[in-house]
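In: sequence? don't have it. structure:
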């Protein structure tokens, strides 16, 4: 963790230094007011870090406000770095053959700065509007296995709520209303219910506002990596205190013999040195003649799920990149970064999530709740 945070802080600092000098070298008024510009830029650059430190020590409205402001600066860092880098490449390409020189270089830098700020602002504002308008993403799938008298199952699944300083009461109430309208048989929370530090959640007891309609098979959840970031020993009991059954390498059998497997997040080892059970060990406890639904927050090693005979795996974690162009990065990292995939008899669905990490900006994906309609078509060989 020390190595990880050291690398992250180094990258964070270098990007801010790069953006600082891009503005300083492009705009004369910033050069004439160097001290004011330096202080202002420094405060913008450190506000997110200060917010996280304050949040870990004592959550308050102040730490919430600083988190919101600092997170928007993160979004500007992404787009500022990206567009300034593109402009530098273009400038270098034009300078080598002498197409641009002298006073024109300064004008190019000036307009590159202005365009970067404008385009970045438009993307951030548009991404914010998109982030606060969640959608329902519906999938209709068939599992060729019997489930007794159960012929269909209507699942509402939500990943990556990230309750905390930014996602608060209004968002969780909206989610509850969406679930009520969906009228599911079963509600599943696919990890990262909490953003990290539990303080901002407990301060307002935010999960008290999470209500679901009465459904046949109840409410189950799994842990995500963020449940462990802020201390799983506090976060998980709080979630469970709200009547949410958190499956920790467990199998529960629903009506019709439908088996629900919930895995502990793979990052539990990174934070606590505790290995989770292998999928093979869990599947030894399952009856593969009946439907098997696997909940695993991070969509790694899909081949293993297919090999072990899982019928449906539900995951989240990726946010589908959250902000363009990071969706291309997550598509490179994960075999399935978002959406639906079938491997043999195993079907996979990865959600972009309801909430978000960092800036409340979604320029490369939607905030969503999954509605999965399952049809069971297999014949029950146990019936006479």
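Out: Nice, thanks for sending it over. Every value quoted in this text rests on a predicted model; they were computed, and no experiment measured them.
In: And the helices in this structure?
Out: 2-26, 28-32, 34-57, 61-95, 103-131, 169-182, 199-203, 225-229, 232-240, 268-272, 279-283, 302-308, 326-333 (DSSP state H).
In: Check which helices and strands the second one sits against.
Out: Pointing back at helix 28-32 there. Contacts defined by 3 or more C-beta pairs under 8 Å, 6 or more residues apart in numbering; DSSP states H and E place helix 28-32 against helix 2-26. Every residue, glycine included, has its C-beta placed from N, CA and C.
In: what comes up buried for the helix it packs on?
Out: For helix 2-26, the neighbour count (16 or more other C-beta atoms under 10 Å) marks 12, 15-16, 19-20, 22-24, 26 as buried.
In: Okay, angle between it and helix 103-131 too, please.
Out: The directions of helix 2-26 and helix 103-131 differ by 130 degrees, with axes from the mean of the first three to the mean of the last three C-alpha atoms, to 10 degrees as the criterion.
In: which residues are in contact with helix 2-26?
Out: Residues outside helix 2-26 that contact it (C-beta atoms under 8 Å, 6 or more residues apart in numbering) are 30-31, 34, 37-38, 41, 45, 77, 80-81, 84, 106, 109-110, 112-113, 116.
In: And stretch 167-177, by the same measure?
Out: Identification of contacts with stretch 167-177 by C-beta under 8 Å, 6+ apart yields 64, 134, 158, 161, 163, 195, 200, 204, 206-207, 209-212, 354-356, 360, 369.
In: 10 Å instead?
Out: Residues outside stretch 167-177 that contact it (C-beta atoms under 10 Å, 6 or more residues apart in numbering): 64, 131-134, 156, 158, 160-163, 193-195, 200-201, 203-213, 354-357, 360, 367, 369.
In: Could I have the buried ones of the contacts of helix 2-26 as PyMOL selection syntax?
Out: Only the buried entries of those go into this PyMOL selection, using 16+ other C-beta under 10 Å:
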select buried, resi 30+37+41+45+77+80+81+84+109+112+113+116
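In: Generate the ChimeraX command that creates a selection of the buried members of the contacts of stretch 167-177.
Out: Here is the ChimeraX command that selects only those of the contacts of stretch 167-177 that count as buried (16+ other C-beta under 10 Å):
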select :64,131,134,156,158,160,161,162,163,193,194,195,200,201,203,204,206,207,209,210,212,354,355,356,357,360,367,369
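In: Can you flag which of the contacts of stretch 167-177 belong to strands?
Out: Counting by DSSP state E, those place 156, 158, 369 in strands.
In: And the first one, how far from residue 264?
Out: To tie it back to what came earlier, the one meant is residue 156. 22 Å (C-beta to C-beta, to the nearest Å).
In: so residue 75 makes contact with residue 82?
Out: No: counting by C-beta atoms under 10 Å, residue 75 stays clear of residue 82, with 11.1 Å between them.
In: Could you pull out the residues contacting both of those two?
Out: Taking C-beta under 10 Å, 6+ apart as the contact rule, residue 75 and residue 82 both touch 120, 123.
In: Show me which of those two is the more surrounded one.
Out: The residue with more neighbours, out of residue 75 and residue 82, is residue 75; 22 against 16, by other C-beta atoms under 10 Å.
In: residue ranges with poor pLDDT in the stretch 201-350 of the chain?
Out: In the prediction, the stretch 201-350 of the chain carries no residues with pLDDT under 70.
In: got the ones in strands among the contacts of stretch 167-177 as CSV, with distance to residue 8 and pLDDT columns?
Out: Below are the ones in strands among the contacts of stretch 167-177 laid out as CSV (distance: C-beta to C-beta, whole Å; pLDDT from 0 to 100):
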residue, distance to residue 8, pLDDT
156, 35, 97
158, 28, 97
369, 31, 97
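In: center of the protein - which residue?
Out: When C-alpha atoms, centre = their mean is applied to the chain, the residue found nearest the centroid is residue 319 (3.9 Å).
In: how close does the closest residue to that one other than its chain neighbours get to residue 170?
Out: Distances taken as C-beta to C-beta, 6 or more residues apart in numbering put residue 353 closest to residue 319, at 5.2 Å, once the chain neighbours are dropped. Between residue 353 and residue 170 the computed distance is 17 Å (C-beta to C-beta).
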